[in-house]
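Peer 1: mind looking at a prediction? Sequence and model below.
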Amino acid sequence: MTTIPRPIIPDKDLFRMEEACRIVQLPQHTLRYWEARIPSLRPARLAGGHRRYTRDNLETLLRIKDLMRDRKMTLAGVRRALAGERRIPAAPPAESGAALKVLKELRAELRDILSELSK
C-alpha cells in the first residue's frame, strides 16, 4: 500500500471551511457530517454561524481521514480511537515527580534571592 503524503497546513491560526476542505481534500458535507458525529471535532463559529477551523481541527480531520481510509474504521471506531489518544498522559508520573522537585528547588532559590534583594 502506498502512503499519501500529508498536505502542508499554511501558517495561519484560523481557516474558513473552503480552505479546510481544500487542505483536507474532502467535500464540505463530509466535514459537516463528521462534526455532527465526532464530539472532539468542534470548529469555532462566528456570530453569523460561519465555521472557523484551527490548526488542531485540521490535524484532527487529517487523523480521521487516515483512520477511515487506511485502517478502514467506522466513525464509531474513530471516536473510540480519538478518545483513547486523548487519555494518554503527556508525561509519565516518574518524570513529572522529578520536574516537580526541580520546580520546588527553583522556587526556594527565587525566594532566597528575593529576600536578599529586599534587605
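Peer 2: Done, it's in. Residues are numbered from 1 along each chain as shown.

Peer 1: quick one: buried residues of the longest strand anywhere in the chain?
Peer 2: In the chain, with assignment by DSSP state E, the single longest strand is strand 51-54. Residues of strand 51-54 classed as buried by neighbour count (16 or more other CB atoms under 10 Å): Arg51, Arg52, Tyr53. Using the backbone N, CA and C atoms, a C-beta is placed for each residue, glycine as well.

Peer 1: stretch 11-26 too?
Peer 2: Buried residues in stretch 11-26 (16+ other CB under 10 Å): Phe15, Glu19, Ala20, Cys21, Ile23, Val24, Leu26.

Peer 1: show me where the protein has helices.
Peer 2: 17-24, 28-37, 55-70, 75-87, 93-117 (DSSP state H).

Peer 1: specify the stretch among those that is closest to Ile8.
Peer 2: Closest of the helices of the chain to Ile8 is helix 17-24, at 8.3 Å (criterion: CB to CB).

Peer 1: contacting residues around that closest one?
Peer 2: Applying CB atoms under 8 Å, 6 or more residues apart in numbering, the contact partners of helix 17-24 are 7, 9-10, 15, 27-28, 31, 43, 50-51, 53, 57-58, 61-62, 65.
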